[in-house]
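Participant: The following comprises the amino acid sequence and a computationally predicted model.
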Amino acid sequence: MAKIIDNLFTRYPFLYDRAFCASFYPYNLYSIRRLNPYITTAFSCEPNLTTRIIERASETPEPKSNFYIKNLILRWIIESVCMWFGSPNGLKFLGANLVCIEHHQISQNSLDEYRKAGIILCAWCVNEPEQQRWLKANRVTIITDTLFDIDEK
């Protein structure tokens, strides 16, 4: 995957200024940065990751085992490690330039913490105009799946 992404950025250099690679999996970002440190990367921080995996397991051809579902200690370890990667120190370890966080998880404290560390904060999936206004006023990058301009209203 990292080689394919590197080839795309090499073939289409305008991507360096217009795109970033985001992943929920720290190793993917680490691999991309080792191969090409000029590609902007973002760690997508997902609170309650294991719960969401279990909820969506029925949609996969091989549902998760009861060992994984009921092993609260294993799930706590996975959650803790993933949340650490989403912290400023974890992002620096990965070499990530951005962190993508679900918009409900963003507070003024988290804004201040990431800004102090020089990390760009990206909020997903911001679909309400009020949310967009607050985040834009705080210089947060927005990912949305709606097509509207908050300044038109």
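Facilitator: Nice, thanks for sending it over. Numbering: from 1, shown residues only.
Participant: residue boundaries of the helices in the chain?
Facilitator: Remark: helices assigned in the chain by DSSP state H are 2-11, 15-18, 26-35, 49-56, 66-70, 72-85, 88-94, 108-116, 129-137.
Participant: Does Phe85 touch Phe43 like I think?
Facilitator: Yes - with contact defined as CB atoms under 8 Å, Phe85 counts as touching Phe43 (5.6 Å). C-beta coordinates here come from the backbone N, C-alpha and C atoms, glycine included.
Participant: the more surrounded of those two?
Facilitator: Shown here are Phe85 and Phe43; by other CB atoms under 10 Å, Phe43 has more neighbours (28 against 22).
Participant: In contact with the nearest residue to that one once chain neighbours are set aside, which residues?
Facilitator: Leaving out its chain neighbours, the residue that sits closest to Phe43 by CB to CB, 6 or more residues apart in numbering is Ala96, at 4.7 Å. For Ala96, the contact set (CB atoms under 8 Å, 6 or more residues apart in numbering) comprises 29, 33, 41-43, 119.
Participant: Make TSV out of those residues and add distance to Asp145 and pLDDT.
Facilitator: Output for those, formatted as TSV (distance: CB to CB, whole Å; pLDDT from 0 to 100):
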residue	distance to Asp145	pLDDT
Leu29	23	92
Arg33	27	91
Thr41	22	94
Ala42	17	94
Phe43	20	93
Ile119	24	91
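Participant: Let's see if you can find the most crowded of these.
Facilitator: That'd be Phe43 among those, by other CB under 10 Å, with 28 neighbours.
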